[in-house]
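Trainee: heads up, no residue letters with this:
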């Protein structure tokens, strides 16, 4: 499979049924209310399963309860994968906050910046790597 075919499939796949794309867009806009975000995640999981099974069309928006439960499962897995990067980021943040004196002055600016920046960079890189691993499984 060459790159042109991959790009062509990526453009053609979502445009195969505009009604489903519009429903997904409305759910994504409404996801500020929390509940629809699980439906969006569940639909994404359903689309991933369908494409692995070899289907070329978007899956249907039916069985909303099952889609919600699948989205909740995807959310839990994402949280589980991101626990370690979050611990690293929060540890660095709280460690660097310990370098602030009671008067509000930073006692060692170099160590403060190094600890904060270093742990955030390490945490973000680890989060990207784990996100890629999570997506590929």
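Mentor: Received it, and whenever you're ready, just let me know what you need. A quick note: this is a predicted structure, and the numbers were derived from the prediction, not measured.
Trainee: next one: whichever strand or helix holds residue 123 to chain centre, how far?
Mentor: For residue 123, the element it lies in under DSSP states H and E is helix 109-136. Centre-to-centre, helix 109-136 and its host chain are 15 Å apart (CA atoms, centre = their mean, to the nearest Å).
Trainee: same thing with stretch 100-119?
Mentor: 30 Å.
Trainee: What residues sit buried inside that stretch?
Mentor: Residues of stretch 100-119 classed as buried: 112, 115-116, 119 (neighbour count, 16 or more other CB atoms under 10 Å). Quick note: C-beta positions are derived from backbone N, CA and C, even for glycine.
Trainee: now residue 20, nearest residue through space, not along the chain?
Mentor: Nearest residue to residue 20 in three dimensions, chain neighbours excluded: residue 58, at 4.6 Å (CB to CB, 6 or more residues apart in numbering).
Trainee: Quick check: the one you found vs residue 68, distance?
Mentor: When distance is defined by CB to CB, to the nearest Å, residue 58 is 18 Å away from residue 68.
Trainee: Tell me which of the two has more neighbours.
Mentor: Set residue 58 next to residue 68 and count neighbours by other CB atoms under 10 Å: residue 58 wins out with 22 against 17.
Trainee: three-state assignment of the more buried one?
Mentor: coil (DSSP: H, G, I helix; E, B strand; the rest coil).
Trainee: thought it was touching residue 17?
Mentor: Yes. Applying CB atoms under 8 Å as the test, residue 58 and residue 17 come out as touching, 5.1 Å apart.
Trainee: still on that earlier bit, who's in contact with the residue nearest to residue 20?
Mentor: Contacts for residue 58 (CB atoms under 8 Å, 6 or more residues apart in numbering) come out as 13-14, 16-17, 20-21, 47, 50.
Trainee: what about the chain, any weak spots by pLDDT?
Mentor: 1, 136-137 (pLDDT under 70).
Trainee: If we use 80, what do you get?
Mentor: Low-confidence regions of the chain, defined by pLDDT under 80, span residues 1-17, 21, 28, 30-35, 56, 101-102, 104, 135-137.
Trainee: residue ranges of the helices in it, please?
Mentor: 3-12, 18-29, 35-52, 64-97, 109-136 (DSSP state H).
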